[in-house]
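A.B. asks: sequence and predicted structure, then a few things I'm wondering about:
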Amino acid sequence: MITIHWPNGSQSQVAPGTDWLEAARAAGVNIPTGCLGGSCGACEIEVNEEPLRACIATVGSIAPGGVLHVELASDPYW
């Protein structure tokens, strides 16, 4: 299991391979979405300071100590 620290201060544990949007929803975290195909960038998050598109990505199995830190990316155009 991977421990995720969310921007709202909560944390959850999910299995590697879980969809990011599903993991966020289960933790009560809202990640904005747009196209749901990875092209618009509305769902971009930073995981351990690396950007990814939550609508097309899954929770990775490689994490230092099994812990991921998530921040919501802020886009001034959204």
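C.D. replies: That came through fine.

A.B. asks: what is the helix or strand hosting Glu22 packed up against?
C.D. replies: Using DSSP states H and E, Glu22 sits in helix 20-26. Where contact means 3 or more C-beta pairs under 8 Å, 6 or more residues apart in numbering; DSSP states H and E, helix 20-26 is packed against strand 11-14. Any C-beta I mention is one placed from the backbone N, CA and C, and that applies to glycine too.

A.B. asks: note down every partner strand of the strand it packs on and its orientation.
C.D. replies: In the sheet, strand 11-14 lines up against strand 2-5 (antiparallel) (DSSP bridges).

A.B. asks: ignoring the adjacent residues along the chain, who's closest to Val14?
C.D. replies: Ranked by C-beta to C-beta, 6 or more residues apart in numbering and with sequence neighbours excluded, the top spatial neighbour of Val14 is Ala23, at 4.6 Å.

A.B. asks: what residues are up against the residue nearest to Glu46 when sequence neighbours are not counted?
C.D. replies: In space, and not counting its chain neighbours, Glu46 is closest to Glu71: 4.5 Å by C-beta to C-beta, 6+ apart. Contact analysis of Glu71 by C-beta atoms under 8 Å, 6 or more residues apart in numbering lists Pro7, Ile45, Glu46.

A.B. asks: tell me the contacts of the residue nearest to Val14?
C.D. replies: Counting by C-beta under 8 Å, 6+ apart, Ala23 makes contact with Ile4, Ser12, Val14, Val59.

A.B. asks: what ranges do the strands span in the chain?
C.D. replies: Along the chain, counting by DSSP state E, strands occupy 2-5, 11-14, 44-47, 50-53, 67-72.
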